[in-house]
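A.B. asks: when you get a sec, could you give me coordinates for this:
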Amino acid sequence: MEKQKLPNSTLILVFGIISIVTCCCYGLGLVFGIIAMVMSKKANALYLANPEQYSGYQNVKTGKILSIIGIILSVIYLGYVIFLFATLGMDGVMNMNEEFMREYGM
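C.D. replies: Numbering: from 1, shown residues only. Now for the predicted structure:
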């Protein structure tokens with residue numbers, strides 16, 4: 001019997017990568033990371049029920065690890081942004097951006 005590819009194994013890996021790449025996009029990485037975690041849980045249960053029938057489990061494991069990293073980075077960044085807005089306020093953050101733009105000539 002030929003092994004079937006585990007459903008969504010490549011998509012889980014791609015979403016894990018996207019969660020890391022977009023971790024500084026105000027929560028977008030968090031969304032992709034959570035979606036990848038939910039999908040990897042379902043794929044993991046499917047694989048563990050019948051491991052000799054499926055291939056591609058390595059993509060699921062790697063995608064799950066990447067999504068965990070993406071979730072952690074997103075939470076850290078969102079915490080930093082919330083801290084900035086809580087301490088400086090909207091005007092302070094905008095002034096900080098303007099000073100940065102002036103200093104580096106952008």
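
A.B. asks: grab the longest helix from the chain for me.
C.D. replies: When the chain is parsed with DSSP state H, its longest helix is helix 57-104.

A.B. asks: can you tell me the centre-most residue of the protein?
C.D. replies: The residue lying closest to the centre of the chain (Cα atoms, centre = their mean) is residue 19, at 2.2 Å.

A.B. asks: residue contacts, that residue?
C.D. replies: The contact partners of residue 19, by Cβ atoms under 8 Å, 6 or more residues apart in numbering, come to 29, 30, 32, 33, 36, 66, 67, 69, 70, 71, 74. (C-beta placed from N, C-alpha, C; glycine too.)

A.B. asks: can you do 7 Å?
C.D. replies: 29, 32, 33, 36, 66, 67, 70, 71 (Cβ atoms under 7 Å, 6 or more residues apart in numbering).

A.B. asks: any chance of the residues you listed in CSV, with distance to residue 80, pLDDT and neighbour count too?
C.D. replies: Converted to CSV, these look like this (distance: Cβ to Cβ, whole Å; pLDDT from 0 to 100; neighbours: other Cβ atoms under 10 Å):
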residue, distance to residue 80, pLDDT, neighbour count
29, 13, 94, 26
32, 19, 97, 26
33, 17, 97, 29
36, 23, 97, 28
66, 21, 97, 24
67, 20, 97, 29
70, 16, 97, 28
71, 15, 97, 22
